[in-house]
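Peer 1: what follows is a predicted structure for the sequence shown.
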Amino acid sequence: MGQEITCLSFSDEDFTEFKARLQQETDLLERWLAGVPGLDPACRPFAQGSLVGGFELEAWLVTPQGEPAPINSAYLEAVNNPLVVPELARFNIEINGRPQVLVGSALRQLQQELAQTWAHCCRVAEQLQAGLVMIGILPTLQLQQLTLEMISPRKRYLALNEQILNLHRREQPSGIPPLGLAIAGPATLLRVTHPNVMLEAATTSFQIHLQVSPHQAARYFNASLLVSAPLVALAANSPYLFGHDLWAETRIPVFEQALDGPPPLAPTHQPRVTFGQGYVQESLMELFWENLHRYPVVLPQRLAAAPSELAHLRLHNGTIWRWNRPLIGLEPIPHLRIEQRVAAAGPTLPDMIANAAFYFGLVQALGSQPLPPEQELSFAQCRANFYAAARFGLEAPITWLKGWQGSLRQLLLQELLPQTEAGLAQLDLDPQDIQEYLGILRARVESGQNGATWQRRYVARHGKDMQQLTCAYWERQRQGQPVHTWDLG
C-alpha cells in the first residue's frame, strides 16, 4: 500500500502546502520528460534501453487450519528481509523481487529468486506455527475479521482509512454507510456495508512491473490496458468471498468497492480504484496531470525532501489505484514503470511467472506493432472486455481487434498465445524458457482450469466447505505443480 508517513491527522495548512508541492513536482516531472538533458538544468535523464521486469507478491498468513493468522508484526521481525514487508491487514504480507532486464534467462531468474524467498518465508511461518498461502481471496476469510483491530500497525494505513472515510462523508447523504459491497454472482448476490477500508484486505495480487523508456511509455501503457482482459482471466483465482460464489476474479469488484463504495457512486466521486478514463494519447504525463487535477489529496504528509525527489507526487500517486498504474522510480536514475495490478496471487510459482511471461510478451508484441492496436479497439470496449473477463474468466465473450468476436479461450489459442511467443522472442529471452512458460499457459487454456475453475470444480465435487477447500488448495500449492495439473481429490 505504499510508503510510511508520520502523521495520523492533518490541518488545512497541511493540505494547502501539499497541493503546492504536488503542483511544483508535477511541473518538474513534465520538464524532465519533455526536456533535453544538458539544455535544461532542471532536467534529469530517464532510463532508456531494454525493458525491465519485476513483481510484487501479496500473500496470506494462515493457521494450520487455513484460517487468517494476524501475526505479521512478529512474522516480519523473524523473516528479517527488506524484500518482505507488511500489507494492510495483520494477516497479509508482501514479497518483492529484484528487477531483471528482460533478456536471456530473465524469466527463470525471476522464478528462482522468488522460489528462494518464498521457501525462506514458509520456513519462518512454520516456526511460528503458521503457514503462507498465495491466493487472490482466502476462502476461509470472514467479514467479522475485517476490523480496524486487524489493520497493520502503520500510520499510513490508519490515516488512509480516516481520509477515505472523510471523502465519502462529504459526498454521501447523512446516515448512508459510505463503504460496502454489492456483487452479483452466477446465482447469488452479496450485499454488505462496512465501516472502514478493511474490505480491501480481502484481496491479494501478483503485481507485474514493466520498466519502459519514455518514448515507448504511451504505446506500452495502452498495450497493458488491452492485455488486462486476457491476463485477468488467465490468472483468475478468487471466485469465493464469505462463502458466496461470485466472479471468476472477485478481487476486481471487491477492491473497487472497498475504497469507492458499491454502485451507484455519488456524482461527485472520482473512483480511486479504476480501469481509467481512456487511452494515453502522447505521454504518461497525462496521468500525473490527471492525478493533480481530478483526485483529492488524502495523505498530505509534509515531506522534507527536495523537489527533485518527487516525494509528494509519488506519495499521491500511491493513493490512486488504477488497475494499470504509472510509477516513477529514482534509483539508480529516474525511470518509468507500468504496474499491472489485475493478476491474482497464486496458485503456484510457475503459474505466476507464466502469467508474467504472458504479460511481457504480449505487451511487447502489441506495443511494437507499426499500427497502434488501440486505434482498432475503442477504450469503452477495452474496458468492457476487462470486466467481462474478470466476471466470466476464460469463457468470457470478447470483442477484439479488427472486429474479432468469440470466447477469450478461442482468442488466446488462435491469436494471443502465438503473439506472446513472438513478443518474447523479440525480447531475446531464452527459447527453452519461452516454450516452458507458454506450455503452462496453453495447457491452462486448453483445460480451462485456472485457480478459479479448480476451486469451483472442487466445491462442486466436495460441497461448499471453505476450510476443506482452502486446505486442499494449500496442499496442492505446496506440491508446486501448475494449476492445470491439479486433481479434485
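Peer 2: That came in fine, so what should we check first? Numbering: from 1, shown residues only.
Peer 1: W474 belongs to a helix?
Peer 2: Yes - counting by DSSP: H, G, I helix; E, B strand; the rest coil, W474 is located in a helix.
Peer 1: quick check: bridge partners of the closest residue to it other than its chain neighbours?
Peer 2: In this structure, W474 finds its nearest non-sequential neighbour in V133, 5.3 Å apart by CB to CB, 6 or more residues apart in numbering. C-beta here means a position set from N, CA and C on the backbone, and glycine is covered the same way. Beta-bridge pairing for V133 (DSSP bridges): W60.
Peer 1: so Q468 sits against R461, correct?
Peer 2: No - with contacts counted by CB atoms under 8 Å, Q468 stays clear of R461, the gap being 10.9 Å.
Peer 1: what does stretch 383-395 contact?
Peer 2: For stretch 383-395, the surrounding residues in contact (CB atoms under 8 Å, 6 or more residues apart in numbering) are 228-230, 232-234, 236, 247-249, 252-253, 275-276, 323, 342, 396-400, 407-409, 412, 445, 448, 450, 452-453.
Peer 1: now for N291: which residues touch it?
Peer 2: Taking CB under 8 Å, 6+ apart, we find N291 in contact with T26, L313, H316, N317, I320.
Peer 1: can you rerun that using 7 Å?
Peer 2: Going by CB atoms under 7 Å, 6 or more residues apart in numbering, N291 touches H316, N317, I320.
Peer 1: most neighbours of all the residues you listed, which one?
Peer 2: H316 (26 neighbours; other CB atoms under 10 Å).
Peer 1: contacting residues around the helix or strand containing that one?
Peer 2: H316 belongs to helix 311-317 when elements are defined using DSSP states H and E. The contact list for helix 311-317 (CB under 7 Å, 6+ apart) reads 3, 18, 21-22, 25-26, 29, 288, 291, 297, 299, 301, 303, 305, 328.
Peer 1: gap between the residue nearest to W474 and E171?
Peer 2: Look at V133 and E171: by CB to CB, to the nearest Å, they are 36 Å apart.
Peer 1: still on that earlier bit, Q468 and R461: which is more packed in?
Peer 2: Q468 (17 against 9).
Peer 1: in the helix or strand that contains that one, what's buried?
Peer 2: Q468 is part of helix 466-479, with elements assigned from DSSP H and E. For helix 466-479, burial by neighbour count (16 or more other CB atoms under 10 Å) applies to M466, Q468, L469, T470, C471, A472, Y473, W474, R476, Q477.
Peer 1: got it, and stretch 273-280?
Peer 2: V273, T274, F275, G276, Y279, V280.
Peer 1: which residues sit in contact with the residue nearest the centre of the chain?
Peer 2: The centroid of the chain falls nearest to R341 when counting by CA atoms, centre = their mean (2.2 Å). Listed by CB under 7 Å, 6+ apart, the contact set of R341 reads S205, Q207, W323, N324, R325.
Peer 1: which pair of those residues spans the longest distance?
Peer 2: Pairwise distances across the contacts of R341 (CB to CB) peak at 12.8 Å, for the pair S205 and N324.
Peer 1: what lies in contact with the helix or strand bottoming out on mean pLDDT in the chain?
Peer 2: One helix or strand of the chain scores below all others by mean pLDDT, DSSP states H and E: helix 155-171, with a mean of 90. Residues from elsewhere that reach helix 155-171 (CB under 7 Å, 6+ apart): 1-2, 4-8, 88, 151, 178-179, 196-197, 259, 261, 266, 268-269, 296, 298-299, 319.
Peer 1: after that helix comes which helix or strand?
Peer 2: Per DSSP H and E, the helix or strand that comes after helix 155-171 is strand 179-184.
Peer 1: okay, now the sheet partners of that following strand, with direction.
Peer 2: strand 189-194 (antiparallel).
Peer 1: which parts of the stretch 101-250 of the chain are helices?
Peer 2: All helices of the stretch 101-250 of the chain, identified by DSSP state H, counting those that start in this stretch, fall at 106-127, 155-171, 214-234.
Peer 1: most packed of those helices?
Peer 2: The highest average neighbour count among the helices of the stretch 101-250 of the chain, using mean count of other CB atoms under 10 Å, belongs to helix 214-234 at a mean of 25.
Peer 1: what mean pLDDT does that one get?
Peer 2: When pLDDT is averaged over helix 214-234, the result is 97.
Peer 1: residue ranges with poor pLDDT in the stretch 51-200 of the chain?
Peer 2: Residue ranges of the stretch 51-200 of the chain with pLDDT under 70: 173-177.
Peer 1: quick check: which element contains F55?
Peer 2: F55 belongs to strand 52-62 when assigned by DSSP H and E.
Peer 1: just the C-alpha atoms of that strand, please, in CSV.
Peer 2: In CSV, the C-alpha atoms belonging to strand 52-62 read as follows (Å, rounded to 0.1, in the frame of the first residue of the first chain):
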residue,chain,number,x,y,z
VAL,A,52,13.0,-4.4,-17.3
GLY,A,53,10.6,-6.7,-15.4
GLY,A,54,9.7,-7.2,-11.8
PHE,A,55,6.9,-8.1,-9.4
GLU,A,56,5.3,-7.8,-6.0
LEU,A,57,3.5,-10.8,-4.5
GLU,A,58,1.0,-10.4,-1.7
ALA,A,59,0.3,-13.5,0.4
TRP,A,60,-1.8,-14.7,3.4
LEU,A,61,-0.5,-15.8,6.8
VAL,A,62,-2.7,-18.7,7.9
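Peer 1: for that strand, name the packing helices and strands.
Peer 2: Contact partners of strand 52-62 among helices and strands, from 3 or more CB pairs under 7 Å, 6 or more residues apart in numbering; DSSP states H and E: strand 92-96, strand 100-101, helix 106-127, strand 131-133, strand 206-212, helix 349-367.
Peer 1: out of those, nearest to L146?
Peer 2: Of all these, strand 92-96 sits nearest to L146, with 11.4 Å by CB to CB.
Peer 1: got the angle for the closest one vs strand 206-212?
Peer 2: Strand 92-96 and strand 206-212 are oriented at 30 degrees to each other (axes from the mean of the first three to the mean of the last three CA atoms, to 10 degrees).
Peer 1: mind listing residues that contact strand 92-96?
Peer 2: 56-61, 72, 75-76, 83-87, 117-118, 121, 201, 204.
Peer 1: try stretch 248-263
Peer 2: 136-137, 164, 168, 178-183, 197, 199-200, 202-203, 205, 232-233, 236, 238-239, 241, 247, 269, 271-273, 344, 390-393, 452.
Peer 1: drop anything exposed from those residues.
Peer 2: Among the contacts of stretch 248-263, those scoring as buried are 136-137, 164, 168, 178-181, 183, 197, 199-200, 202-203, 205, 232-233, 236, 238-239, 241, 247, 269, 271-273, 344, 390-393, 452 (criterion: 16+ other CB under 10 Å).
Peer 1: tell me the contacts of G53?
Peer 2: Going by CB under 7 Å, 6+ apart, G53 touches P99, Q100, L102, A106, L110, H209, L210, A356, F360.
Peer 1: can you check R302 too?
Peer 2: By CB under 7 Å, 6+ apart, R302 lies in contact with D14, E17, F18.
Peer 1: sec struct for it, please.
Peer 2: Using three-state DSSP, the structure places R302 in coil.
Peer 1: begin at 11 from now on, thanks
Peer 2: Happy to do that; since the first residue is 11 now, the last one works out to R312.
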